[in-house]
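Undergrad: pasting a predicted model and its sequence here:
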Amino acid sequence: MIQLLIKTAICISFYIIGAYATTDILRLLKGHPVSVGNSDCFCESCGCKLTLRQQIPIFSYLSSQGKCRNCGHPVSPGNFILEVLFTTVFVLAAVITGFRPVIWPFCVLFYEAVKLFCIIRYGKRGRELAKGLFFSLLGNAVNFSLVGVLFFFLALVC
Ligand SMILES: [Zn+2]
C-alpha cells in the first residue's frame, strides 16, 4: 500500500516537473518575454497573468484549445509538447523498469539534454541568460531532489 502511494507521488512529481519545464526551458530561449526567476505565468501575447486553473499542465491547454482565454492569441505549442514529453517519458520509464532508482539519474540527464537541445536548436536568450540559467539549475536541483527523496523512501519500504 505504502509502495503504491510513493509510486503515485513519483508520477505526480514527474507531471509537475513537466509543467515546470515550460516555465524553465522555454524562458531560456531567444525572444521569450519572461525570465526564469519569475514564478508567475503570463500570456506571451497580451501579458495577462494566468490563474492557477489556467496553469494545469496538459489539461488547461486542451480545454482552452491552445488559446489565451483573455486575448484569444494561440499559446505556443512548445508548452504543450514539453508537458506531454516529460510526463510521458518519465512515467513510462518508471513504470517499465518497475520504479528502479536508476530512473532518477536518467530523468535528470534526459531533462538537461532536452534543455540543451532546445537552447542549441532555438537560440539562447540574450538578456539575463546567466541569471536565467542560475534559477533554472536551482529549480531543477530542488525538483529532482524531491523526486530523489521519494525514490529513496521507495527503496526503504521495498
Ligand atoms: Zn493573452
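TA: Noted; the coordinates are in hand.
Undergrad: low-confidence bits of the protein, can you list those?
TA: Applying pLDDT under 70 to the chain flags no residue at all.
Undergrad: could you point out the longest helix in it?
TA: Longest helix in the chain, counting residues (DSSP state H): helix 129-157.
Undergrad: mind listing the helices for the chain?
TA: Using DSSP H, helices in the chain cover 2-24, 59-63, 77-96, 103-122, 129-157.
Undergrad: mind putting these into JSON lines with mean neighbour count and distance to the ion?
TA: Where you see a C-beta, it was placed from the backbone N, CA and C, and this is true even at glycine. Converted to JSON lines, the helices of the chain look like this (neighbours: other Cβ atoms under 10 Å; distance: least, Cβ to the ion, whole Å):
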{"stretch": "helix 2-24", "mean neighbour count": "18", "distance to the ion": "16"}
{"stretch": "helix 59-63", "mean neighbour count": "15", "distance to the ion": "13"}
{"stretch": "helix 77-96", "mean neighbour count": "17", "distance to the ion": "13"}
{"stretch": "helix 103-122", "mean neighbour count": "15", "distance to the ion": "21"}
{"stretch": "helix 129-157", "mean neighbour count": "15", "distance to the ion": "22"}
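Undergrad: can I get these in TSV with distance to residue 30?
TA: Formatted as TSV, these follow (distance: least, Cβ to Cβ, whole Å):
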stretch	distance to residue 30
helix 2-24	15
helix 59-63	22
helix 77-96	12
helix 103-122	6
helix 129-157	10
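Undergrad: great, nothing more from me.
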